[in-house]
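> Coordinates for the following, if possible.
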Amino acid sequence: MSGVADKTKPVLDCCGGLNNVDYSKVDMSVMEDVLKHIDVYDPRFCVAVIAIIFNPFFWNVVARWEHRTRGLTRLFGGPYLACYCLGTLIILLNVYRSHSMTVAMKAQARWEVMASPEVFYAGAALMALGSVLVVTSFLALGFTGTFLGDYFGILMEEKVKGFPFNVTENPMYWGSTANYLGLAFMNASPVGLVLTAVVAISYKVAIIFEGPFTEDIYRQRAQCCKHK
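You can find the predicted model right below:
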């Protein structure tokens, strides 16, 4: 998924970043306790991990193929219908991803440390925040702006700089991540925490590939306009 947002942000580096952390003094007992509650060989856990990793891989590969060949545009008779069809498929894949993560959370043990009203309400707050980011991002970008329309040649006139893009560069991705983290909190699910981490990593990798490619699309458009 994509969108055009303002990329100019300061780089924060507190206390030398992570280079000054003494990892030998990190208490690993909490992590060990979490891992005791997770069965990584559970087929439901494996299915959830595969669904998480597959989704951004799929839409990036298909969108780049479309940008290079216009194969979907030719198949569906136009860029808009092709984009709507791919977007609908992405939505269905994300619904299945959410379902597989929920199944994996319910199948494995709860962590009593997380089973408190405070953690539950923190999870509810995260889900509310994530939903706000996702919905407002969609409203700001529209369907084609959200679901890779620029790869189909459906370009936006200018960068979106208002909320929520003035809060985070990729609100759709990080809002979705906040939703999954909130769900894990509300279910006191250690496996939910691990799956959320996989979601965050998958999105981070997707951003690394999507960001420069999308910027190059708009750079080419700007160069074409100059030569007209």
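
> okay, now Val40: neighbour count?
Per other C-beta atoms under 10 Å, the neighbour tally for Val40 reads 11. Heads up, the C-betas are built off the backbone N, CA and C, glycines and all.

> where's the residue nearest to Phe163 when sequence neighbours are not counted, which helix or strand?
Once flanking residues are discounted, Phe163 sits nearest to Thr136: 6.1 Å by C-beta to C-beta, 6 or more residues apart in numbering. Using DSSP states H and E, Thr136 maps to helix 117-146.

> If you count neighbours, what's buried in that helix?
119-120, 122-123, 126-127, 129-130, 132-134, 136-138, 140-141, 144-146 (16 or more other C-beta atoms under 10 Å).

> try stretch 203-214
So stretch 203-214, judged by 16+ other C-beta under 10 Å, has buried residues Tyr203, Ala206, Ile207, Glu210, Phe213, Thr214.

> Just the ones of these in helices?
Tyr203, Ala206, Ile207, Glu210, Phe213, Thr214 (DSSP state H).

> can you put the residues you listed in a markdown table and add distance to Val61 and pLDDT?
Shown next, in a markdown table, are these (distance: C-beta to C-beta, whole Å; pLDDT from 0 to 100):
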| residue | distance to Val61 | pLDDT |
| --- | --- | --- |
| Tyr203 | 16 | 95 |
| Ala206 | 11 | 93 |
| Ile207 | 16 | 91 |
| Glu210 | 12 | 86 |
| Phe213 | 12 | 72 |
| Thr214 | 15 | 79 |
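
> Could you export these to CSV, including columns for distance to Glu158?
As requested, these are exported to CSV (distance: C-beta to C-beta, whole Å):
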residue, distance to Glu158
Tyr203, 25
Ala206, 23
Ile207, 21
Glu210, 19
Phe213, 19
Thr214, 14
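
> what about the helix or strand where Pro56 lies, distance to the chain center?
For Pro56, the enclosing helix or strand under DSSP H and E is helix 43-69. Distance of helix 43-69 from its chain centroid, counting by C-alpha atoms, centre = their mean, to the nearest Å, is 12 Å.

> Now it: average pLDDT?
For helix 43-69, the mean pLDDT works out to 96.
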